[in-house]
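Colleague: quick check, what structure comes out for this input:
(one chain, ligands or ions: 2)
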Amino acid sequence: MKIEMTINGASKALDVPPMKRMLDVLREDLGLVGAKEGCGEGECGACAVLMDEKLVDSCLVPAMQMAGSDILTIEGLGSPDDLDDLQNAFLDEGAVHCGFCTPGMIMAAYALLSHDPHPSEEEIRVALAGNICRCTGYEKICRAVAAAAERGYGERIKSRAVRHGDRKRPVFSGEERERFFSPSSLAEAFDVLRTSGDGEVTVLAGGTDIGPDMKGGRLVPAKVMDVFSVPELKGIEIVERGGSSYIRVGACSTNTDITGSPVTRKHLPALVTASLRSGALAMQNRATIGGNLCTASGAGDLPVVLLALGAKAVAASDSGERELDLEEFIVGYRKNSLRRGELLEEIRIPVPRDGSRQVFYKRGSRKALTLSRASLAFYAYCEEDRIVEFAAAAGSMSPVPIRLKNLNAAIPGARLCPRLPDEAARIAYDDVNPRKTPLYRKTMIVNLTHRFFSELVSCRA
Ligand code: FES
Ligand code: FES
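Modeller: Ligands and ions are numbered 1, 2, ... in the order given. Below is the predicted model of the structure:
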């Protein structure tokens, strides 16, 4: 496969296998060995680089998605003889410990300062949350970022004039043309699905799920179609149709798209929270809402909120579309109900009532880690002293995310009184039946349900 791209400001053309990881392309084909391999699974940040001005874990990006992109690695900042100011700040503060993780930390800091030249201490910590320092030297690392900001480093970063439009696509060779596809429109993607013979096409979006399997060349699917940049699968907007309206979220909208969209920020705060909590920034920049739904894991974050909000999944093919409730779409652990020839095109979410309360809670082993051990989403709308609309859903309680059916049946019409939190928590306890660590998970459900209703009652008091 031939690809053209810009690396550290210079145009490059390469001939590499489509599913070779960007990390390996950088290190082996380009001799850029600053990015390191720690976990190879998107958890440590040692391989972090900027792609189209966004921080990504290069161990999760296949080479076919590098085509037409603008990539910045640690080598693009300064050379060993002429370090740039951010690199010097790390040296000055004694923030270079083992050295292995430092390039990833600096790239994460660069990504932060490029869009927020004067971050708060908390913002620095959040930006570096996906970069693991096993020697626990975070204090000095955070001080180095703050010092660079103080010296005006972020203000001097120039936009790299990323081309988002007529992006160069990969040119597949020989037998690759039967196995790898990079459609530029939805119609082209449907064509691929219709003509691909046995239907064994792995659909690739942000790669955060398939990426860990590419480690050491373990997984090369028989056929791969990259839909990450298909324009019809992007976009977040309110759609008016037939006298009602819904929020449309394109299936390839990333978590970063969701956290940055004025529509979701105004109408879907719990979805924004879940997107922020789904993983570190490099993961948020790549993980998509459609990927999260299609993966159909019981521990997925966004499906929990979408269940509580009554969202529908739209499965589309060149012969039309099907609108499915999420309980019809997610049919089992890692199983969705897409038929041959179909793609998940978009998610439709009823516009929540103004003044509704939406909350997403997640408990896991650390904030920046993707996997939850317990998660809960609530939607409630109150009039005077009564809850008139209510829905709740939970994740990590069973093989798939679930609605809390008994609670959802019992709460509409309930009065906001001091007894309500206890009563709701008791019902929620019986709504989940986790097989793993049941005592911990049930206790989480009880505590978080109690917390949500206590806050709801106190708001109205
Ligand atoms: Fe750990 Fe890529 S090597 S995130
Ligand atoms: Fe590598 Fe701390 S910088 S373990």
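Colleague: wait, doesn't L343 sit right on V314?
Modeller: No: with the criterion set as Cβ atoms under 8 Å, L343 and V314 do not qualify as a contacting pair; they are 9.5 Å apart. Every C-beta, even on glycine, is put in place using the N, C-alpha and C of the backbone.
Colleague: settle it for me: which of these two has more neighbours?
Modeller: Counted by other Cβ atoms under 10 Å, L343 and V314 do not tie: L343 has more neighbours, with 26 against 18.
Colleague: okay, and for the protein, where does confidence drop off?
Modeller: Counting by pLDDT under 70, the chain contains low-confidence residues at 136, 160-166, 197-199, 217-219, 365-370, 461.
Colleague: residue nearest the centroid of it?
Modeller: Using Cα atoms, centre = their mean, the residue of the chain that lies closest to the mean C-alpha position is A287, 3.1 Å off.
Colleague: just give the closest residue to that one, not the sequence neighbours.
Modeller: If you skip the residues right next to it in sequence, A287 has T208 as its closest partner in space, 4.6 Å away by Cβ to Cβ, 6 or more residues apart in numbering.
Colleague: and what of G76?
Modeller: Nearest-residue entry for G76: N8, 3.2 Å, with adjacent residues in sequence omitted and distances by Cβ to Cβ, 6+ apart.
Colleague: is it true that that neighbour touches G78?
Modeller: No: in this structure N8 lies outside contact range of G78 using Cβ under 8 Å: 11.0 Å.
Colleague: re earlier: how far away is the residue nearest to G76 from L302?
Modeller: Separation of N8 from L302 (Cβ to Cβ, to the nearest Å) stands at 34 Å.
Colleague: of those two, who's got more company?
Modeller: L302 (28 against 16).
Colleague: report how many residues lie close to the nearest residue to that one once chain neighbours are set aside.
Modeller: Computed as Cβ to Cβ, 6+ apart, the closest residue to L302 that is not its neighbour in sequence is N292, at 4.5 Å. The burial metric for N292, expressed as a neighbour count using other Cβ under 10 Å, is 26.
Colleague: could you do the one 3 residues further on as well?
Modeller: When counting by other Cβ under 10 Å, one arrives at 19 neighbours for T295.
Colleague: wait, it sits on G207?
Modeller: No: between T295 and G207 there is no contact, the gap being 11.8 Å when judged by Cβ under 8 Å.
Colleague: tally of neighbours for G320?
Modeller: Counted with other Cβ under 10 Å, residues neighbouring G320 total 8.
Colleague: hang on, the earlier thing: quick check: the residue nearest to G76 vs S182, distance?
Modeller: Per Cβ to Cβ, N8 is found 24 Å from S182.
Colleague: so M107 touches I74, yeah?
Modeller: Yes: the pair formed by M107 and I74 meets the contact definition of Cβ under 8 Å, at 6.0 Å.
Colleague: what sits in contact with each of the two?
Modeller: A35, V49 (Cβ atoms under 8 Å, 6 or more residues apart in numbering).
Colleague: which one's more surrounded, those two?
Modeller: The neighbour comparison of M107 against I74 (other Cβ under 10 Å) goes to M107, with 28 against 25.
Colleague: against ligand 1, how distant is that one?
Modeller: 11 Å (Cβ to the nearest ligand atom, to the nearest Å).
Colleague: with adjacent residues omitted, what lies nearest to that residue?
Modeller: Spatial nearest neighbour of M107, chain neighbours left out: A48 (4.5 Å); criterion: Cβ to Cβ, 6+ apart.
Colleague: phi, psi for the one you found please.
Modeller: The phi and psi torsions at A48 (degrees, to the nearest 10) take the values phi -70, psi 140.
Colleague: distance check, it against G130.
Modeller: If you measure A48 against G130 using Cβ to Cβ, the figure is 8 Å.
Colleague: overlap of the contact sets of those two?
Modeller: Taking Cβ under 8 Å, 6+ apart as the criterion, A48 and G130 both touch D57, A108, A282.
Colleague: three-state assignment of the second one?
Modeller: With DSSP: H, G, I helix; E, B strand; the rest coil as the basis, A108 sits in helix.
Colleague: how about A111, secondary structure?
Modeller: With three-state DSSP as the basis, the three-state label of A111 is helix.
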